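Visitor: Return atomic coordinates for the entry below.
(one chain, ligands or ions: 1)
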Amino acid sequence: MTEDACPHCGGALRYLEKDTSSGREYREYRCMKCEKYVTLGGDTALWKILHDANEEVDANRREIETNILPSDTR
Ligand SMILES: [Zn+2]
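Guide: Presented below is the predicted three-dimensional model:
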């Protein structure tokens, strides 16, 4: 995958690893020509998107459950 070229020399980048620990997805590359490390990305990481989506589903479900609760609390 050669989606990006080295910003330093324009050489081909070799994919190293992905860091999503901060909730954002950064991909680390190393230039095969000048051997500098290049970090690309900054998109929201997939696990963060899924996590947020799950929270939204939970919130919706809670709302539905509240609405269908029997109102006859004797
Ligand atoms: Zn380079």
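Visitor: how about the helices of this protein, start to end?
Guide: Using DSSP state H, the helices found in the chain span residues 46-67.
Visitor: Dead centre of this structure: give me the residue that sits there.
Guide: Ala45 (0.5 Å; Cα atoms, centre = their mean).
Visitor: which residues sit in contact with the nearest residue to that residue once chain neighbours are set aside?
Guide: Excluding the flanking residues, the one nearest Ala45 by Cβ to Cβ, 6 or more residues apart in numbering is Thr20, at 3.6 Å. Heads up, the C-betas are built off the backbone N, CA and C, glycines and all. For Thr20, the contacting residues are Tyr26, Ala45, Leu46, Trp47, Lys48, by Cβ atoms under 8 Å, 6 or more residues apart in numbering.
Visitor: what about the last one, distance to the ion?
Guide: Going back to what we said before, that points to Lys48. Applying Cβ to the ion, to the nearest Å, one obtains 30 Å for the distance of Lys48 from the ion.
Visitor: What is the burial count for that residue?
Guide: Other residues within reach of Lys48 by the criterion other Cβ atoms under 10 Å amount to 15.
Visitor: ok now do it, which residues does it touch?
Guide: Thr20, Gly23, Arg24.
Visitor: Setting aside sequence neighbours, what's the nearest residue to the last one?
Guide: Pointing back at Arg24 there. Taking Cβ to Cβ, 6+ apart as the measure, Arg24 lies nearest to Gly42, with 5.5 Å between them; neighbours along the chain are not counted.
Visitor: beta partners for Cys31?
Guide: According to DSSP bridges, the partner residues bridging Cys31 are Leu13.
Visitor: Point out where the chain drops to low pLDDT.
Guide: Of all residues in the chain, those with pLDDT under 70 make up the ranges 1-3, 71-74.
Visitor: near the ion, which residues of it?
Guide: Within the chain, the positions adjacent to the ion are Cys6, His8, Cys9, Gly11, Cys31, Lys33, Cys34 by Cβ under 5 Å from the ion.
Visitor: Give me the subset of the contacts of Lys48 lying in strands.
Guide: With strands identified by DSSP state E, the entries of those that belong to them are Arg24.
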